[in-house]
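Chemist: Dropping a prediction and its sequence here:
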Amino acid sequence: MPLPKAELHLHIEGTLEPELAFELAARNGVELPYADTEELRKAYDFEDLQSFLNLYYELMAVLRTERDFEDLANAYLARAAAQGVRHAEIFFDPQAHLARGVGMGTVVEGLWRALGESEARHGVSTQLIMCFLRDESAESALETLEAAKPYLDRIVGVGLDSAEVGHPPVKFREVYEAAAALGLRRVAHAGEEGPPEYITEALDVLGVERIDHGLRCMEDAALVERLVRERIPLTLCPLSNVRLRTVDVLADHPLPAMLDAGLLCTVNSDDPAYFGGYVGDNFDAVRSALGLEEERLRELARNSFVASFLEHDEERRARYLAEVEAYRF
């Protein structure tokens, strides 16, 4: 039985495995520019974040119907449950679908077909976080939030993802203020490829409660001290960092130093179909490459539930934390 954990940094579109991509392509009459799954997997060798994003958006073309999004989410939830995930806060990118004529309702209702039954079917509680694409305009983000209003009973928060460099958080001040007024939780990718200043800006300008990635905080001692003092969670994605060349090899990952500094770190999978592993695989990889002891792994699992948006259900959070404490490696 795997260590119980929550996953807080997971892009549902990034769970599209080559086999499912070809299955959905056949279902929807979409022709992929790859001969087979083996050739497609060879394309998963990325030079940087942008080279990944190019393939990520290309493969989204197979996602057309509610059933497609339901199948995508169920495939992820089954894998996650097998790796010990008890709670998942799942990102989705509506702008990437709206831009190709797939409506907000198709995406949300399709995902919810799976998420609404997830606890009964997979033993995984879920929440849904809508991300804005930071390389799109601020106006587009506002239009997306407006389009999401009929579905806010299904959406717990907003996030900010896609190409980071050159797109500072301040660009999205207005839409985050609007999201806050609607009672939505706020997170943002910052400090992955972008500078530590983007982390500070996400906190001060966007009012985020969690930082997704945040690796580069280690370049700013004052920022680290603030993150520790304010208990701002960081949703780290180790295998993603290596695959996107943010970290050369996993043995060089700053996770141990971040934990030693007192940062509230969590381990997640980001886009597992593309980056070589789901969240349990990330835990196994850091345990092996970084020599993390069992209590460090327990700390990471505990942090994942502490950092989750489960304030509405403290009894559930306490139950999950008890599972972590009772776990025997």
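Modeler: All right, it came through fine.
Chemist: list the buried ones in the helix or strand that contains residue 224?
Modeler: Counting by DSSP states H and E, the element that carries residue 224 is helix 221-230. Of the residues in helix 221-230, those with enough neighbours to count as buried (16 or more other Cβ atoms under 10 Å) are 223-224, 227. From N, CA and C alone the C-beta is placed, and that goes for glycine too.
Chemist: Report the distance from that helix to the chain centre.
Modeler: If you compare the mean C-alpha spot of helix 221-230 with that of the full chain, they lie 23 Å apart, counting by Cα atoms, centre = their mean, to the nearest Å.
Chemist: Count the neighbours of residue 120 for me.
Modeler: Here the count is done by other Cβ atoms under 10 Å, and residue 120 has 8 residues near it.
Chemist: Residue 328 now?
Modeler: Neighbours of residue 328 using other Cβ under 10 Å come to 6.
Chemist: quick one: it and residue 135, what's the gap?
Modeler: According to Cβ to Cβ, to the nearest Å, residue 328 and residue 135 sit 45 Å apart.
Chemist: from the buried residues of helix 221-230, which is closest to residue 103?
Modeler: Nearest to residue 103 among these, counting by Cβ to Cβ, is residue 227 at 38.2 Å.
Chemist: hey, where'd the strands end up in the chain?
Modeler: For the chain, the strands defined by DSSP state E cover 5-11, 85-92, 125-133, 157-161, 185-190, 210-213, 234-236, 265-267.
Chemist: Pipe those strands into TSV and attach mean pLDDT and mean neighbour count per row.
Modeler: Converted to TSV, the strands of the chain look like this (pLDDT from 0 to 100; neighbours: other Cβ atoms under 10 Å):
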stretch	mean pLDDT	mean neighbour count
strand 5-11	98	28
strand 85-92	98	25
strand 125-133	98	23
strand 157-161	98	25
strand 185-190	98	26
strand 210-213	98	26
strand 234-236	98	27
strand 265-267	98	25
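Chemist: can you tell which of those strands is closest to residue 310?
Modeler: Comparing these against residue 310 with Cβ to Cβ, the closest turns out to be strand 85-92 (6.8 Å).
Chemist: Now do that closest one: which elements does it pack against?
Modeler: strand 5-11, helix 66-82, helix 104-115, strand 125-133, strand 157-161, helix 314-326 (3 or more Cβ pairs under 8 Å, 6 or more residues apart in numbering; DSSP states H and E).
Chemist: CA atoms of it as PDB?
Modeler: This file holds the C-alpha atoms of strand 85-92, laid out as PDB (Å, rounded to 0.1, in the frame of the first residue of the first chain):
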ATOM      1  CA  VAL A  85      -3.500   9.700  -3.800                       C
ATOM      2  CA  ARG A  86      -6.400  10.400  -1.400                       C
ATOM      3  CA  HIS A  87      -7.200  14.000  -2.500                       C
ATOM      4  CA  ALA A  88      -6.500  15.700  -5.800                       C
ATOM      5  CA  GLU A  89      -6.800  19.400  -6.700                       C
ATOM      6  CA  ILE A  90      -6.800  19.300 -10.400                       C
ATOM      7  CA  PHE A  91      -5.900  22.100 -12.900                       C
ATOM      8  CA  PHE A  92      -7.600  22.600 -16.300                       C
END
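Chemist: Give me the sheet partners of that strand and which way each runs.
Modeler: strand 5-11 (parallel), strand 125-133 (parallel) (DSSP bridges).
Chemist: sorry, back to before: can you redo the buried residues of helix 221-230 as JSON lines with distance to residue 92 and pLDDT?
Modeler: Output for the buried residues of helix 221-230, formatted as JSON lines (distance: Cβ to Cβ, whole Å; pLDDT from 0 to 100):
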{"residue": "223", "distance to residue 92": "29", "pLDDT": "98"}
{"residue": "224", "distance to residue 92": "31", "pLDDT": "98"}
{"residue": "227", "distance to residue 92": "27", "pLDDT": "98"}
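Chemist: Just put the residues you listed in CSV and tack on distance to residue 85.
Modeler: Written out in CSV, the entries for the buried residues of helix 221-230 read as follows (distance: Cβ to Cβ, whole Å):
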residue, distance to residue 85
223, 30
224, 28
227, 25
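Chemist: now, which of those sits nearest residue 76?
Modeler: Out of these, the one with the shortest distance to residue 76 is residue 227. That distance is 28.9 Å, counting by Cβ to Cβ.
Chemist: what separates that closest one from residue 233, distance-wise?
Modeler: Spatial separation of residue 227 from residue 233 under the definition Cβ to Cβ is 9 Å.
Chemist: anything in contact with each of those two?
Modeler: 211, 264 (Cβ atoms under 8 Å, 6 or more residues apart in numbering).
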